[in-house]
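Visitor: Quick one, structure for this:
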Amino acid sequence: MALHITGDTAADALLTENPLALLVGMLLDQQVPMETAFAGPLKIEQRTGASDAAAIAGMAPDEFLEAFKQTPAVHRFPGSMAARVQTLCQVLVDEWGGDASALWTKGDPDGPEVLRRLKALPGFGEQKAKIFLALLGKQYGFTGEGWREAAGAYGEEGSYRSVADIVSPESLTKVREYKKAMKAAAKAAK
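Guide: This is a model prediction of the structure:
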């Protein structure tokens, strides 16, 4: 299994090999292009040397923020997103032993349980949790019973709705087209 989300080999390798990087990428995936969000974990690692939850949570907030602000910035809202990443990492340390993958592996959980665990994380609402669950099921090897149903439309096979469906430049284009159509429909409905 190898993820192909960012178009950057090193960033995609980190997402593939480090469950925390994948989770942080999903957290950052708002108000920036998907590739920017999911490339963020590599920037964080390169700038701080930290790639595990305990190290990130333990950093001085002002130092961590400086790493976020370096050009190119990790996110267009470095202050709030740096704080969110550190808060997420602290929750992982406190509740999951610092192991992001425990969210979907500890106790052999089914899809609805993983969705519940994800929604309990800071920065993960219903939609983000469902997208991440779909990403786990479609590309990360999660096979918990009922994951497709728990992920809702994002779990549908053959759909091109989210980052969970990006496996190539062509699928990225299809996901972008879907998102553009959804924005246009929402605008027209106003």
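Visitor: For His75, give me its contacts.
Guide: Residues in contact with His75, defined by C-beta atoms under 8 Å, 6 or more residues apart in numbering, are 28, 32, 36-37, 40, 68, 81-82. Where you see a C-beta, it was placed from the backbone N, CA and C, and this is true even at glycine.
Visitor: I'd like the distance between it and Leu65.
Guide: Plainly put, His75 is 11 Å away from Leu65 if you go by C-beta to C-beta, to the nearest Å.
Visitor: what sits against the residue nearest the centre of the chain?
Guide: With distances taken as C-alpha atoms, centre = their mean, Met26 lies nearest the centre of the chain, 1.6 Å away. For Met26, the contact set (C-beta under 8 Å, 6+ apart) comprises 37-38, 124, 128, 131-132, 135, 163.
Visitor: now Leu88
Guide: Counting by C-beta under 8 Å, 6+ apart, Leu88 has contacts 23-24, 27, 121-123.
Visitor: now do 10 Å
Guide: Leu88 is in contact with 20, 23-24, 26-27, 53, 56-57, 100, 121-124, counting by C-beta atoms under 10 Å, 6 or more residues apart in numbering.
Visitor: from those, which is closest to Asp94?
Guide: Ala57 (8.7 Å; C-beta to C-beta).
Visitor: State whether that closest one and Ala83 are indeed in contact, as I suppose.
Guide: No. Counting by C-beta atoms under 10 Å, Ala57 sits too far from Ala83 to count as a contact (11.5 Å).
Visitor: Out of those two, name the residue with the larger neighbour count.
Guide: Neighbours were counted for Ala57 and for Ala83 using other C-beta atoms under 10 Å; Ala57 has more, 20 against 17.
Visitor: so what pLDDT did that one get?
Guide: Ala57 carries a pLDDT score of 98 in this model.
Visitor: secondary structure element for it?
Guide: Following DSSP states H and E, one finds Ala57 within helix 53-58.
Visitor: quick one, what contacts the closest residue in space to Glu126 that isn't next to it in sequence?
Guide: Spatial nearest neighbour of Glu126, chain neighbours left out: Lys119 (6.4 Å); criterion: C-beta to C-beta, 6 or more residues apart in numbering. Neighbour list for Lys119: 125-126, 128-130, 132-133 [criterion: C-beta under 10 Å, 6+ apart].
Visitor: Whichever of these end up buried, select them in ChimeraX.
Guide: Buried residues within the contacts of Lys119, by 16 or more other C-beta atoms under 10 Å, are selected in ChimeraX with:
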select :128,129,130,132,133
